[in-house]
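Undergrad: when you get a sec, could you give me coordinates for this:
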Amino acid sequence: MGKYHFIIIGSGWRSLYYVRIAKAMPDILRLDAMYCRTQEKADKMAEEFSIHTTTSIEECVGYKPDFAVVAVNKTSICDVSIEWMDRGITVLSETPAALDMDSLKKLYRYHMSDDKTDKKQVVAEQYREYPYNKARINLVNSGVLGDISCLNISIAHEYHGFSLIRAYLGIKPDENYTVSGKIYEFPTTQTLTRYDKFTDGRTAPKKRCVAVFEFESGKVAWYDFDSEQYRSPIRKNMIKVQGVRGELINNELYYLDENNEGQYQKIVTDVNATHTKDTNPNLSIVREIEKIMCGENVLYEPELGMRGLSEDETAIAGLMIGTAKYSRGEAESPYSMEDAFADAYASILLDEAVRTSNKVSSCIEKICIAKNK
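TA: Have a look, this model is predicted:
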């Protein structure tokens, strides 16, 4: 029996990440039930994944879980999260916090109203917790590059990408900025979808979004993301962080030592690959990160040991445990709602910028994010 109990609201592709994590961490996490809208779906999920499912809201509330995972359609995340918080349950919701300005303002007002101060929500923004990113953010924060001025980032889309931009640049959620951008379309050979692998050489037009975020502090981020990038073996991630005393380019660190002599170190990642029996090509091999080092410095090691989880699942597991502790009053939120509001807002503005071909200015006061300066 796990220390922390949770339920899942929703039964789609994303909800299964939480199922796999619970099965990998039975000593820490306990899935009490998955809530499905129909009995047919509940029966299917129970049989296929050997989990308890239900169509009863009352049953779910009766478990008194530490938190409820809201893994529903993006357009419904805001309203469904509020529904479950109103039932007295802490919510860990999938991203984004809200999909449009009306929903974003609604959610903000909900959290800020006097009678909702005890309602807790965490948005599962996991990309900062990826071992790959966590290690590099730790390295940047060590000061080896000096004050950070800019970065090129091609790792994640929209709200995920903006969360990483702020993490690498050290931008608080209340700092304003401008964004301009454009979407290009190029033919690309298809390789992997969520469920299938293609080896017949078929091509399809794929979109690439390129944008520039310019912050009030003078820091700049060049954002670049291809819709194929999450899975395709021919579309890889890239990051370049520049500071006054050096730069980090993917796995390579260039910096000045105490004598202002140029130095070079390589980031080395140890990976344990496990072959599974899963028929999904994305899940047939799990690559779990054992350690990330730069020179003699350990940048990352799994706090809970090797669990047979991917980077994405490892990151989400940390948020789940953090949410449970936050729900019990044992810790601060693992990802603040101010951060989540800022990410969702940036995604909305980025869409406006590329749709109108205009430079768009943020105005944080529009969603009333409290000043943290």
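
Undergrad: can you pull the contacts of the nearest residue to Tyr18 once chain neighbours are set aside?
TA: In space, Tyr18 comes closest to Val69 once its chain neighbours are excluded; the distance is 5.1 Å by C-beta to C-beta, 6 or more residues apart in numbering. C-betas here are computed from N, CA, C, even on glycine. Shown in contact with Val69 (C-beta atoms under 8 Å, 6 or more residues apart in numbering): 6-10, 15, 18, 92-94, 124, 320.

Undergrad: which of those fall within strands?
TA: Judged by DSSP state E, strands contain the following of the contacts of Val69: 6-9, 92-93.

Undergrad: the residue nearest to Tyr18 - that's part of a strand, no?
TA: Yes: assessed by DSSP: H, G, I helix; E, B strand; the rest coil, Val69 belongs to a strand.

Undergrad: distance of it relative to Val179?
TA: 31 Å (C-beta to C-beta, to the nearest Å).

Undergrad: other residues contacting the lowest-mean-pLDDT helix or strand in the chain?
TA: Least confident helix or strand, the chain: helix 101-112 with a mean of 92, by mean pLDDT, DSSP states H and E. For helix 101-112, the external contacting residues (C-beta under 8 Å, 6+ apart) are 78-79, 81-82, 85, 97-98, 116, 119, 121, 337, 341, 344-345, 348, 366-369.

Undergrad: hmm, try it at 7 Å
TA: 78, 82, 97-98, 116, 337, 341, 344-345, 348, 367-368 (C-beta atoms under 7 Å, 6 or more residues apart in numbering).

Undergrad: host element of the closest residue to Val268 other than its chain neighbours?
TA: Nearest residue to Val268 in three dimensions, chain neighbours excluded: Met293, at 5.2 Å (C-beta to C-beta, 6+ apart). Using DSSP states H and E, Met293 falls within strand 285-294.

Undergrad: re earlier: tell me the bridge partners for the residue nearest to Val268.
TA: Counting by DSSP bridges, Met293 is bridged to Val268, Val298.

Undergrad: what is the burial count for it?
TA: Per other C-beta atoms under 10 Å, the neighbour tally for Met293 reads 17.

Undergrad: check the one 5 residues further on too.
TA: Val298 is flanked by 12 other residues according to other C-beta under 10 Å.

Undergrad: one step back: quick one: the residue nearest to Tyr18 and Asn280, what's the gap?
TA: 20 Å.

Undergrad: likewise Tyr17?
TA: On the measure of C-beta to C-beta, Tyr17 and Asn280 end up 12 Å apart.

Undergrad: now Val123
TA: Distance from Val123 to Asn280, by C-beta to C-beta: 26 Å.

Undergrad: looking at the two, which one has more neighbours?
TA: The neighbour comparison of Val123 against Asn280 (other C-beta under 10 Å) goes to Val123, with 31 against 15.

Undergrad: now that one, nearest residue through space, not along the chain?
TA: Nearest non-adjacent residue to Val123, counting by C-beta to C-beta, 6+ apart: Ala340, 3.7 Å away.

Undergrad: that neighbour and Ala97 touch, don't they?
TA: Yes: contact criterion C-beta atoms under 7 Å: Ala340 and Ala97 qualify, at 4.3 Å.

Undergrad: any common contacting residues for those two?
TA: Val123.

Undergrad: give me the neighbour count for Thr279.
TA: Neighbours of Thr279 (other C-beta under 10 Å): 8.

Undergrad: mind checking what secondary structure the residue of the chain most remote from its centre has?
TA: Farthest-out residue of the chain from its mean C-alpha position, per C-alpha atoms, centre = their mean: Asn259, at 38.8 Å. Going by three-state DSSP, the secondary structure assigned to Asn259 is coil.

Undergrad: nearest to Thr276, out of the contacts of Val69: which one, please.
TA: The shortest gap between Thr276 and any of those belongs to Tyr18, at 17.5 Å (C-beta to C-beta).

Undergrad: report the buried residues of stretch 63-72.
TA: For stretch 63-72, the neighbour count (16 or more other C-beta atoms under 10 Å) marks 63, 65-72 as buried.

Undergrad: same question, stretch 144-164
TA: 144-145, 148-151, 153-164.

Undergrad: endpoint to endpoint, it covers what distance?
TA: Taking C-alpha to C-alpha, to the nearest Å, stretch 144-164 runs 19 Å from one end to the other.

Undergrad: swap in stretch 89-98?
TA: Terminal-residue distance, stretch 89-98 (C-alpha to C-alpha): 19 Å.

Undergrad: specify the local secondary structure of the closest residue in space to Thr193 that isn't next to it in sequence.
TA: Of all residues beyond its chain neighbours, the one nearest Thr193 is Arg231 (7.3 Å), with distances taken as C-beta to C-beta, 6+ apart. Under three-state DSSP, Arg231 falls in the coil class.

Undergrad: the one 10 residues further on now?
TA: The three-state label given to Val241 by three-state DSSP is strand.

Undergrad: OK, contacts around it?
TA: Per C-beta under 7 Å, 6+ apart, neighbours of Val241: 140, 145, 148, 151, 168, 247-248.
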